[in-house]
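Engineer: Need coordinates for the below:
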Amino acid sequence: MYKNLATALRAVCVSALFGAVSISPALSQSSKNAPAAAGAAPVKAGFVYVSPITEAGWTKQHDEGRKAVEAALGKDVKTSFVENVAEGADAERVIRDLAATGHQIIFTPSFGYMEPTLKVAQDYPNVKFESITGYKTAANVAAANARYYEGRYLAGIAAGRMSKTGVAGYVAGFPIPEVLQGLNAFTLGMRSVNPKATVKVVWLNVWFDPPKERDAAMVLFNQDVDVIAFHAGSTAVMAAAQERGKMAVAYHSDMRSAGPDAQIVAVTHQWGKYYTERVRAVQAGTWKSGTLWGGVREGLIRVGDFGPKVPRAVQEEVLAAQKAVGAGTLHPFRAGKAPVRDNEGREVIAAGQVLGDEQILKMNWLAEGVQGKLSH
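Structural biologist: Next up is the predicted model:
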């Protein structure tokens, strides 16, 4: 979903993009409660999905967001979706078809949909487009993404408390900044409660390949790993942990259906509030282009869905940390009295300092405690 993000981030001035939040689910209260005009036709909202809708995962969470829009707006909205749409020419065709058939707002949640979205938007200036994980905007194209790393840090705290070996595994798609943010935040969270903890990483170089994901998990479980996290598209790693009697951190969705005993916590993406607010803005005539990079505070990232093995004290510790992240008093990439170093000994965050958004978006290092190298 974000395979080309590393190249993209080198091409864009990220500080200009994310230096200020210009759209937020917390804003536009007037439009939030504005009913549709009497006799007005419902807003038609379209969604394009990069994979099939499965029981859990990236696409599942965006479809849950679509359902939240329907639940909130009822008869004032009519949604439709097209699933399993390849990035590129297929995406442009589907997006164009939605625009041509009267959809007033179209959500395109995959990085590879950004350019097709912009191309179609030029031909349909009265249609609003939401490029989710994209970074380019236009008068009728907004961009939004989530601070996934915040949830990863919190999950690391849970993993650090639960692991008996002090060795975690991490099955990762590609070594792009977003994945590195999550891997490093997870490691820093784990080491915040167990300074000797280590994380072994396996690079898949693919986003969605359940057999490959499962094989990687099994390799890690054979190396003293007793808790595992992953940045991949299926529930295969969770299912492998269930099979082996190990523990796992769910990503994208609650995955207790795949790992009822294995799951210790889930980092979930919550798009319903944002999607609903943006459709309401179209309904009220107040929609504006802009960018949002939101996390716990904005309600886009949530950690919870604890499994049965997790003691109440650990749950409370993680939830308290989540409140602190939301309040801005806890930052995954803030160094304490000692600097943060990478796994080759180089200082990457000076003592007492915190990384800015531009530094986070260009992340290209592995934190101390990660056993592995960047695979380009």
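Engineer: ok, which stretches of the stretch 51-200 of the chain are helices?
Structural biologist: Counting by DSSP state H, counting those that start in this stretch, the stretch 51-200 of the chain has helices at residues 58-73, 89-100, 114-123, 148-162, 177-193.
Engineer: looking at the ones you listed, which is buried most?
Structural biologist: helix 148-162 (a mean of 27; mean count of other Cβ atoms under 10 Å). The way it works is simple: take the backbone N, C-alpha and C, and place the C-beta from them, glycine included.
Engineer: Now do that one against helix 177-193: the angle between them, please.
Structural biologist: Angle between the axes of helix 148-162 and helix 177-193 is 30 degrees (criterion: axes from the mean of the first three to the mean of the last three Cα atoms, to 10 degrees).
Engineer: elements contacting helix 148-162?
Structural biologist: Counting contacts by 3 or more Cβ pairs under 8 Å, 6 or more residues apart in numbering; DSSP states H and E, helix 148-162 packs against helix 177-193, strand 227-231, strand 247-252, strand 263-269, strand 301-304, helix 312-327.
Engineer: Go again with 10 Å.
Structural biologist: With contacts taken as 3 or more Cβ pairs under 10 Å, 6 or more residues apart in numbering; DSSP states H and E, helix 148-162 sits against strand 167-172, helix 177-193, strand 227-231, strand 247-252, strand 263-269, strand 301-304, helix 312-327.
Engineer: Let me have these in TSV, adding distance to M114 and mean pLDDT as columns.
Structural biologist: Output for those, formatted as TSV (distance: least, Cβ to Cβ, whole Å; pLDDT from 0 to 100):
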stretch	distance to M114	mean pLDDT
strand 167-172	22	97
helix 177-193	14	96
strand 227-231	20	97
strand 247-252	20	96
strand 263-269	18	97
strand 301-304	21	96
helix 312-327	28	98
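Engineer: Indicate which one of the ones you listed is closest to A216.
Structural biologist: The closest of the helices and strands packed on helix 148-162 to A216 is strand 167-172. By Cβ to Cβ, the value is 4.6 Å.
Engineer: partners of that closest one, with directions?
Structural biologist: strand 198-203 (parallel), strand 227-231 (parallel) (DSSP bridges).
Engineer: any chance of the helices and strands packed on helix 148-162 in TSV, plus distance to D63?
Structural biologist: Below are these laid out as TSV (distance: least, Cβ to Cβ, whole Å):
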stretch	distance to D63
strand 167-172	24
helix 177-193	21
strand 227-231	20
strand 247-252	11
strand 263-269	11
strand 301-304	17
helix 312-327	25
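Engineer: since we're on the nearest residue to P177 once chain neighbours are set aside, how many residues are nearby?
Structural biologist: Nearest in space to P177, with sequence neighbours left out and distances taken as Cβ to Cβ, 6 or more residues apart in numbering, is M363 at 4.7 Å. For M363, the neighbour count with other Cβ atoms under 10 Å is 24.
Engineer: So M363: helix, strand or coil?
Structural biologist: Secondary structure, DSSP: H, G, I helix; E, B strand; the rest coil: M363 is coil.
Engineer: Local confidence estimate at it?
Structural biologist: For M363, the model assigns a pLDDT of 95.
Engineer: list the contacts for it?
Structural biologist: M363 is in contact with 6, 9, 149, 176-185, 333, 348, 355, counting by Cβ atoms under 10 Å, 6 or more residues apart in numbering.
Engineer: hmm, back to that, to E298, which of the strands paired with strand 167-172 lies closest?
Structural biologist: Closest of the strands paired with strand 167-172 to E298 is strand 227-231, at 21.0 Å (criterion: Cβ to Cβ).
Engineer: From the contact counts, what lies against whichever helix or strand comes after the closest one?
Structural biologist: Sequence order places helix 236-244 as the next helix or strand after strand 227-231, per DSSP states H and E. Here helix 236-244 touches strand 167-172, helix 210-221, strand 227-231, strand 247-252, strand 263-269, going by 3+ Cβ pairs under 10 Å, 6+ apart.
Engineer: can you give me the angle the first one makes with strand 247-252?
Structural biologist: Computed with the same axes, to 10 degrees, the direction of strand 167-172 lies at 30 degrees from that of strand 247-252.
Engineer: Over to the shortest one?
Structural biologist: Counting by the same axes, to 10 degrees, strand 227-231 lies at 20 degrees to strand 247-252.
Engineer: could we number from 610 for the rest of this?
Structural biologist: Yep, numbering from 610; the last one is strand 836-840 now.
Engineer: What angle do helix 845-853 and strand 836-840 make with each other?
Structural biologist: Here strand 836-840 points in a direction 160 degrees away from that of helix 845-853 (the same axes, to 10 degrees).
Engineer: for the first one, same thing?
Structural biologist: Between the axis of strand 776-781 and that of helix 845-853 there is an angle of 150 degrees, by the same axes, to 10 degrees.
Engineer: for the longest one, same thing?
Structural biologist: Helix 819-830 and helix 845-853 meet at an angle of 50 degrees, taking the same axes, to 10 degrees as the criterion.
Engineer: Name the residues that touch helix 819-830?
Structural biologist: Contacts with helix 819-830, where a contact means Cβ under 10 Å, 6+ apart, come from 663, 776-782, 808-816, 818, 834-837, 839, 841-850, 852-855, 857.
Engineer: Give me the below-cutoff pLDDT ranges for the stretch 610-759 of the chain.
Structural biologist: For the stretch 610-759 of the chain, the stretches with pLDDT under 70 are 610-648.
Engineer: quick one, strands of it?
Structural biologist: All strands of the stretch 610-759 of the chain, identified by DSSP state E, counting those that start in this stretch, fall at 652-657, 686-691, 714-717, 737-741, 750-755.
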